[in-house]
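Chemist: Would you be able to build a 3D model of this:
(one chain, ligands or ions: 2)
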Amino acid sequence: MLNKDGKWDFDSEDSGKIQKELRNRDFLTLKDYTREEIEYLLALSSYFKDLKQRHILHDKLKCRNVALIFEKTSTRTRCSFEVAAHDLGMGSTYLDPTGSQIGKKESIADTAQVLSRMYDGIEYRGFGQERVETLAKYSEVPVWNGLTNEYHPTQILADMLTIKESFGTLKGRKFVYMGDARYNMGNSLMIGCAKLGLHFVAGAPEKYQPSRELVDKCREWAAESGGSVTLETDPEKAVAGAEAVYTDVWVSMGEPDEVWEERIRDLTPYKVTDELMNRAEKNAIFMHCLPSFHDLETEIGKKIYEKYGIKDMEVTDSVFQKHSKVLFNEAENRMHTIKAVMAATLGYSV
Ligand code: CP
Ligand code: NVA
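Modeler: Ligands and ions are numbered 1, 2, ... in the order given. A predicted model of the protein is given here:
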């Protein structure tokens, strides 16, 4: 439980209860987690971050192994799982998008049962949420969602930890997500904010807003936590008074190239620029899950420039560079939070 200083008391009875509840749980979407459970995971992340910074060993999960399935590419998530597993004393096996039988020669159900006999936990990054759910259904060990089209829950923990580190508290903060708010990042951030009592605003055109069903569910959680969920199509109104402004790429992994033209047309007004940031609070932070198209230093960035003549996409290079400290802290926090998820579900006791 958070004490009056906003610190987690790992010795309290409630903390012990949460620790037990999290053991052997899957981590597929934050919809399945309570506010207290999420707060516990954030506190555990800070605990591990402190140990890591002080070079104190925390390898209590020796003799355990985890399988990391990636049907889409990754830098942060893969590295976070590998480094975190190693720090906790575990071995890890990386299965890349082409190098295993999954889906092509072997069903997800069979794969889950095979890997459960060899590993203590399984990470999955891929396409539809139903794939990670099937994996979890047939797995005897915890399954962690490393990103699907619908959700990216480990990213949200890192984002919330970053906001907490930047401002000290989460509750009541105005958090604005700009761009395609109906995909994995928009959905998951809305859930995380609603559960933790932040005021979430989706700054997006009508057709890029999250589904009515998910918005209604999040509004119920927000009513309990003291937060709120607002859908806003006007980009200037959306960012007014924001304490955190967040965006993500306009075309996600696995989406066809044909959608670029429409996305550029529809989402350019929601690009995070200095002008928009000036409408946010003075000390507002800019956040992004990364990778980001903010310059011409990427293959895709160059191709888009040649075809459409734009030098940046969801955020300008100026905004990106001004906020780079927070952005790379956010990226680092992927590792500490993923470590907390693995540790808690595999029964690491603090
Ligand atoms: N933010 C994120 O998930 O990054 P990667 O795709 O590099 O894992
Ligand atoms: N929406 C992005 C997130 C990357 C971390 C994607 O799915 O590609």
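
Chemist: CA atoms for contacts and neighbours, from now on please.
Modeler: Fine.

Chemist: longest helix anywhere in the protein?
Modeler: In the chain, ranked by residue count with DSSP state H as the criterion, the top helix is helix 324-345.

Chemist: what packs against it?
Modeler: When contacts are defined as 3 or more C-alpha pairs under 8 Å, 6 or more residues apart in numbering; DSSP states H and E, helix 324-345 sits against helix 13-22, helix 35-53, helix 76-87, helix 153-167, strand 285-288.

Chemist: quick one, which of these is nearest to residue 228?
Modeler: helix 35-53 (14.6 Å; C-alpha to C-alpha).

Chemist: can you tell if whichever helix or strand comes after that closest one touches ligand 1?
Modeler: Downstream of helix 35-53, the first helix or strand assigned by DSSP states H and E is strand 65-70. No. Strand 65-70 does not reach ligand 1 (C-alpha under 6 Å from any ligand atom); its nearest approach is 9.6 Å.

Chemist: Strand 65-70 and ligand 2, any residue contact?
Modeler: No. Residues of strand 65-70 contacting ligand 2 under C-alpha under 6 Å from any ligand atom: none, with a closest distance of 12.6 Å.

Chemist: interface residues of this protein facing ligand 1?
Modeler: So far as C-alpha under 6 Å from any ligand atom goes, the chain lies against ligand 1 at 74-78, 289-290.

Chemist: go again using 5 Å as the cut-off
Modeler: Residues of the chain lying near ligand 1 by C-alpha under 5 Å from any ligand atom: 74-77, 289-290.

Chemist: Take those and lay them out in a markdown table including pLDDT.
Modeler: Listed next are the residues of the chain next to ligand 1 as a markdown table, based on pLDDT from 0 to 100:
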| residue | pLDDT |
| --- | --- |
| 74 | 98 |
| 75 | 98 |
| 76 | 98 |
| 77 | 98 |
| 289 | 98 |
| 290 | 98 |
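
Chemist: check the residues you listed against ligand 2, which are close?
Modeler: Applying C-alpha under 5 Å from any ligand atom to the residues of the chain next to ligand 1, none is adjacent to ligand 2.

Chemist: Now restrict those to buried residues only.
Modeler: Buried members of the residues of the chain next to ligand 1, scored by 16 or more other C-alpha atoms under 10 Å, are 76-77, 289.

Chemist: got the residue ranges for the helices in the stretch 101-250 of the chain?
Modeler: Counting by DSSP state H, counting those that start in this stretch, the stretch 101-250 of the chain has helices at residues 108-118, 129-138, 153-167, 184-196, 212-225, 235-239.

Chemist: pretty sure residue 272 is touching residue 316, no?
Modeler: Yes. When contacts are counted by C-alpha atoms under 8 Å, residue 272 is listed as touching residue 316 (6.5 Å).

Chemist: Looking at those two, which is more packed in?
Modeler: residue 272 (25 against 18; other C-alpha atoms under 10 Å).

Chemist: distance of the closest residue to that one other than its chain neighbours from residue 66?
Modeler: Leaving aside its chain neighbours, residue 272 sits nearest to residue 315 (4.5 Å; criterion: C-alpha to C-alpha, 6 or more residues apart in numbering). Per C-alpha to C-alpha, to the nearest Å, residue 315 is found 36 Å from residue 66.

Chemist: how many other residues sit next to residue 283?
Modeler: So residue 283, with other C-alpha under 10 Å, has 11 neighbours.

Chemist: let me fix that: residue 194
Modeler: Neighbourhood size, residue 194 [other C-alpha under 10 Å]: 29.

Chemist: list the contacts for it?
Modeler: 200, 218-219, 221-222, 225, 227-229 (C-alpha atoms under 8 Å, 6 or more residues apart in numbering).

Chemist: Let's see that with 6 Å instead.
Modeler: Residue 194 sits next to 218, 221-222, 227 when contact means C-alpha atoms under 6 Å, 6 or more residues apart in numbering.

Chemist: Would you quantify the distance from the residue lying closest to it once chain neighbours are set aside to ligand 1?
Modeler: Of all residues not flanking residue 194 in the chain, residue 222 sits nearest, at 4.4 Å (C-alpha to C-alpha, 6+ apart). Distance of residue 222 to ligand 1, computed by C-alpha to the nearest ligand atom, to the nearest Å: 25 Å.

Chemist: Residue 347 now?
Modeler: 25 Å.

Chemist: mind listing what that residue touches?
Modeler: Each residue near residue 347 by C-alpha under 6 Å, 6+ apart is listed here: residue 23.

Chemist: No further questions, thank you.
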